[in-house]
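Enquirer: Requesting a structural model of the entry that follows:
(one chain, ligands or ions: 2)
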Amino acid sequence: SAERVRQFGTTIFAEISALAVQCGAVNLGQGFPDFAGPEWVKQAAIEAITADANQYAPYIGVPRLREAIAATWQAQGWRTVDPVTEVTVTSGATEALFGAVQALVNPGDEVILFEPFYDAYLPDVTMAGGIPRFVRLHPPGDGHATWWFDPAELQAAFSPRTRLLMLNTPHNPTGKVFRRDELEQIADLCQTYDVIVISDEVYDQLVFAGATHIPIATLPGMWERTLTINSLGKTFSLTGWKIGYAVGPASLNAALRAAHQWITFATATPLQFAAAAALEGALHNGYYEQFRAEYTARYRLLEEILVSVGFPVLPTEGSYFLMADITPTGFHDDVTFCRYLTQEVGVAAIPPSAFYARQHDLPLLARFCFAKRPETLRAAQQRLLAWR
Ligand code: PMP
Ligand code: GLN
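Expert: Ligands and ions are numbered 1, 2, ... in the order given. Here you go, the predicted model:
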């Protein structure tokens, strides 16, 4: 194999999900819902297929979907977006992230990542020949109520060679939602050093208890240098559809499109029409409020379950993940613990060390996903109780 892929193992999600299937474990590892997406959205896909919207879509996305994305930005009060030049549809957020890094990073350019990071970011950077620079997110404690970073460490990560910063808010795996003052620090440095931001906001509708999602693109001076990436997978519980999109200035969209045309060229046509119906419907039918209320209940249930079996949990402000402190189990590394939990206890979780490039001074945690039916969470509870 080529040098750019030689170091890659299989992703932690593939490994733990395969182990979960093999052991019949309740899968609270890989992030995906075990319940159906909305009926009206599934119906829209069926209708699009029946109506023969089955040939190649325009490579930048079908106009109706790009217009629905622009309408969503408008309705949130974020910005008036031009659907012709400022929106590009991709095959999942995953493709948008890969394509954007390919389109914006030259070999030798430096890219800043907050660590832990969603696992795809590092291969995205190295496959483009970029050089990663890491800034640690630290768990709550030492007077911090939520995950936090040291402003001096962030500043020190910037150099004249910095080209890009990859942000993720709400954050996978920590559940952190970046506050306005934190986004302002990032924004100031990006403007000082003329750095572009790729902001992955796939969990933007999943925020809890007082947290507010703020797109960094809405901060003064940031629209021109930010590509905001999203996806319908989480928001509409349809992770298998892989409909993603990028919103940003025409210049950054033009760069992404130049890469996208040679990566996938276009994205599944009938699912784009259904995605448009989803975003259009959600503007008026109360979907997002109901979605958040249901997820708040799932979050509280999983929290209660983990605490009841003796795992202290860290607060989640957004995303559908909970981080549990596994120190009380006596295990010394999270990979061994998560394999044991999957194989011997029958509950799958993800070891957060998979989201770190530097393996020193890691907190001892396991990531549990609460995008699950109450009966699934209860089944996990039974197994955890039997073990503890
Ligand atoms: N970014 C983050 C932070 C994610 O958690 C995920 C999904 N696990 C993705 C991107 C990928 O999104 P998609 O399935 O739309 O490619
Ligand atoms: N984003 C999902 C997670 O964090 C998994 C996506 C994947 O399997 N690549 O669990």
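Enquirer: Quick check: residues of the stretch 151-300 of the chain near ligand 1?
Expert: Within the stretch 151-300 of the chain, the residues that sit near ligand 1 (CB under 6 Å from any ligand atom) are 168, 172, 200, 202, 231, 233, 239, 242, 244. (Each C-beta comes from the backbone N, C-alpha and C, glycine too.)
Enquirer: any chance you could map the helices in the stretch 151-300 of the chain?
Expert: Taking DSSP state H, counting those that start in this stretch as the criterion, the stretch 151-300 of the chain carries its helices at 151-157, 180-192, 232-235, 250-263, 269-282, 287-308.
Enquirer: Would you reformat the ones you listed as a markdown table and include mean pLDDT and distance to residue 321?
Expert: As requested, these are exported to a markdown table (pLDDT from 0 to 100; distance: least, CB to CB, whole Å):
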| stretch | mean pLDDT | distance to residue 321 |
| --- | --- | --- |
| helix 151-157 | 98 | 23 |
| helix 180-192 | 98 | 19 |
| helix 232-235 | 97 | 11 |
| helix 250-263 | 98 | 27 |
| helix 269-282 | 98 | 23 |
| helix 287-308 | 97 | 10 |
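Enquirer: Kindly present these as CSV, with separate columns for distance to residue 340 and mean neighbour count.
Expert: Formatted as CSV, the helices of the stretch 151-300 of the chain follow (distance: least, CB to CB, whole Å; neighbours: other CB atoms under 10 Å):
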stretch, distance to residue 340, mean neighbour count
helix 151-157, 33, 14
helix 180-192, 36, 17
helix 232-235, 29, 24
helix 250-263, 39, 18
helix 269-282, 39, 23
helix 287-308, 16, 16
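Enquirer: Mind putting these into TSV with distance to residue 81?
Expert: Converted to TSV, the helices of the stretch 151-300 of the chain look like this (distance: least, CB to CB, whole Å):
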stretch	distance to residue 81
helix 151-157	28
helix 180-192	19
helix 232-235	17
helix 250-263	10
helix 269-282	13
helix 287-308	18
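Enquirer: Dump those helices to TSV, plus distance to ligand 2.
Expert: Converted to TSV, the helices of the stretch 151-300 of the chain look like this (distance: least, CB to the nearest ligand atom, whole Å):
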stretch	distance to ligand 2
helix 151-157	24
helix 180-192	22
helix 232-235	8
helix 250-263	17
helix 269-282	18
helix 287-308	15
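Enquirer: Looking at the ones you listed, which is nearest to residue 6?
Expert: Closest to residue 6 of the helices of the stretch 151-300 of the chain is helix 250-263 (CB to CB; 21.1 Å).
Enquirer: show me what contacts the closest residue to ligand 2 within the chain?
Expert: The nearest approach of the chain to ligand 2 comes at residue 31, 3.0 Å away (CB to the nearest ligand atom). Taking CB atoms under 8 Å, 6 or more residues apart in numbering, we find residue 31 in contact with 13, 172, 234, 239, 320, 321, 369, 371.
Enquirer: follow-up on the earlier one: specify the stretch among the helices of the stretch 151-300 of the chain that is closest to residue 315.
Expert: Closest among these, using CB to CB: helix 287-308, at 9.1 Å.
Enquirer: Give the next helix or strand downstream of the closest one.
Expert: Remark: after helix 287-308, the chain's next helix or strand is strand 321-325, criterion DSSP states H and E.
Enquirer: which helices and strands does that following strand pack with?
Expert: With contacts defined as 3 or more CB pairs under 8 Å, 6 or more residues apart in numbering; DSSP states H and E, strand 321-325 has these neighbours: helix 287-308, strand 365-369.
Enquirer: For ligand 1, see how far away the closest residue to residue 195 other than its chain neighbours is.
Expert: Of all residues not flanking residue 195 in the chain, residue 162 sits nearest, at 5.1 Å (CB to CB, 6 or more residues apart in numbering). Separation of residue 162 from ligand 1 (CB to the nearest ligand atom, to the nearest Å): 22 Å.
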